[in-house]
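>>> With the input below, show me the fold.
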Amino acid sequence: MAKDVIIACDFGSAAETLAFLDRFTGQKPFVKIGMELFYAEGPQIVREIKNRGHRIFLDLKLHDIPNTVKKAMRSLSALDVDIVNLHASGTRAMMEAALEGLTRPDGTRPLLIAVTQLTSTDQAALEKELLIEKPMAEVVMAYAENARGAGLDGVVCSPLEAGKVHETCGEGFLTVTPGVRFSGGDKDDQKRVTTPGDARALGSDFIVVGRPITQADDPVAAYQRCVKEFLG
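The predicted structure follows:
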């Protein structure tokens, strides 16, 4: 799958989401559907956006006992999305069960990636709140190696860690990276951030960009700027 910009459609309703996508005349950007929209509208919004011709990253970050995640992934596999994710901290057994559940009887499945550490988490929170005393980069690499060992296709990480993930897990192991902001823009609640151009240089395969596009005065122009800076 070629590198691309994924728009985080973190809206609270189908109407708002579809009105936003209607602005992209003649374009079908890759979109992320996260918990806010999925919990508000359910699977039907996924089907609607897919029917419009968009590729979809379903960002629900599953994290539960292996059997529960396996059954949940079996349900999600029917939605025909392109990427699904879960938390790597749920253990290798959970990730292996997820992969089994996501794989359809004909052997096809969406790409499955694991969240290493959220880009809103910094070293201080890692140590003081999560009681993980290792350096952030070391934790991310360990989680990435667990995901690769479980047979997953890649990880969600900061662009700052993308290059090292490729060194550790191989160039074909995908890095999907949120925490991307335009130069001089507001970081919002993100802690480990880069610009689209820096993310490209650091080795990100996909960047996930929400508010810098969705809250821009001209979202289409902001998206096109992001594509230009990331893809060159």
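
>>> remind me, longest strand of the protein?
Ordering each strand of the chain by length in residues (DSSP state E) puts strand 56-62 first.

>>> Can you tell me which helices and strands the next helix-or-strand element following that strand packs against?
Next in sequence after strand 56-62, counting helices and strands by DSSP states H and E, comes helix 66-76. Packing partners of helix 66-76 (3 or more Cβ pairs under 8 Å, 6 or more residues apart in numbering; DSSP states H and E): strand 56-62, strand 83-87, helix 92-102. C-beta: built from backbone N, CA, C; applies to glycine.

>>> where's the nearest residue to G151 once chain neighbours are set aside relative to M73, distance?
Nearest residue to G151, sequence neighbours excluded (Cβ to Cβ, 6 or more residues apart in numbering): L99, at 5.3 Å. L99 is 8 Å from M73, where distance means Cβ to Cβ, to the nearest Å.

>>> Quick check: neighbours shared by the two?
L112 (Cβ atoms under 8 Å, 6 or more residues apart in numbering).

>>> most neighbours per residue, which of the helices and strands packed on helix 66-76?
Stretch with highest mean neighbour count among these: strand 83-87 (a mean of 24; mean count of other Cβ atoms under 10 Å).

>>> Name the residues that touch that strand?
For strand 83-87, contacts defined as Cβ under 8 Å, 6+ apart pick out 56-63, 69, 73, 76, 94-95, 98, 102, 110-115, 156, 176.

>>> quick one, that strand and helix 92-102 angle?
For strand 83-87 against helix 92-102, the angle by axes from the mean of the first three to the mean of the last three Cα atoms, to 10 degrees is 150 degrees.

>>> same question for strand 83-87, mean pLDDT?
Here strand 83-87 scores 98 as its mean pLDDT.

>>> same thing with stretch 70-79?
Mean pLDDT, stretch 70-79: 97.

>>> what's the answer for stretch 209-220, then?
What stretch 209-220 shows for mean pLDDT is 96.

>>> what does stretch 3-10 give?
In this model, stretch 3-10 has a mean pLDDT of 97.

>>> in that stretch, what counts as buried?
5-10 (16 or more other Cβ atoms under 10 Å).

>>> could the helices and strands packed on helix 66-76 be laid out in a markdown table, adding distance to C169?
What follows is the helices and strands packed on helix 66-76, written out as a markdown table (distance: least, Cβ to Cβ, whole Å):
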| stretch | distance to C169 |
| --- | --- |
| strand 56-62 | 19 |
| strand 83-87 | 16 |
| helix 92-102 | 14 |
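
>>> And the strands in this protein?
All strands of the chain, identified by DSSP E, fall at 4-8, 30-34, 56-62, 83-87, 111-115, 154-156, 174-177, 206-209.

>>> Need the contact partners of stretch 149-165.
Contact partners of stretch 149-165, identified using Cβ under 8 Å, 6+ apart, comprise 85, 88, 92, 95-96, 99, 111-117, 119, 136-137, 140-141, 143-144, 147, 169, 173-180, 192-194, 198-199, 202-205, 207.

>>> and the closest residue to F173 other than its chain neighbours, what pLDDT?
Leaving aside its chain neighbours, F173 sits nearest to G154 (5.3 Å; criterion: Cβ to Cβ, 6+ apart). Looking at G154, its pLDDT stands at 98.

>>> if I look at G154, how far off is L58?
According to Cβ to Cβ, G154 and L58 sit 15 Å apart.

>>> next one: A147
17 Å.

>>> same deal with S158?
With distances taken as Cβ to Cβ, S158 is found 21 Å from L58.

>>> And I213, by the same measure?
According to Cβ to Cβ, I213 stands 19 Å off from L58.
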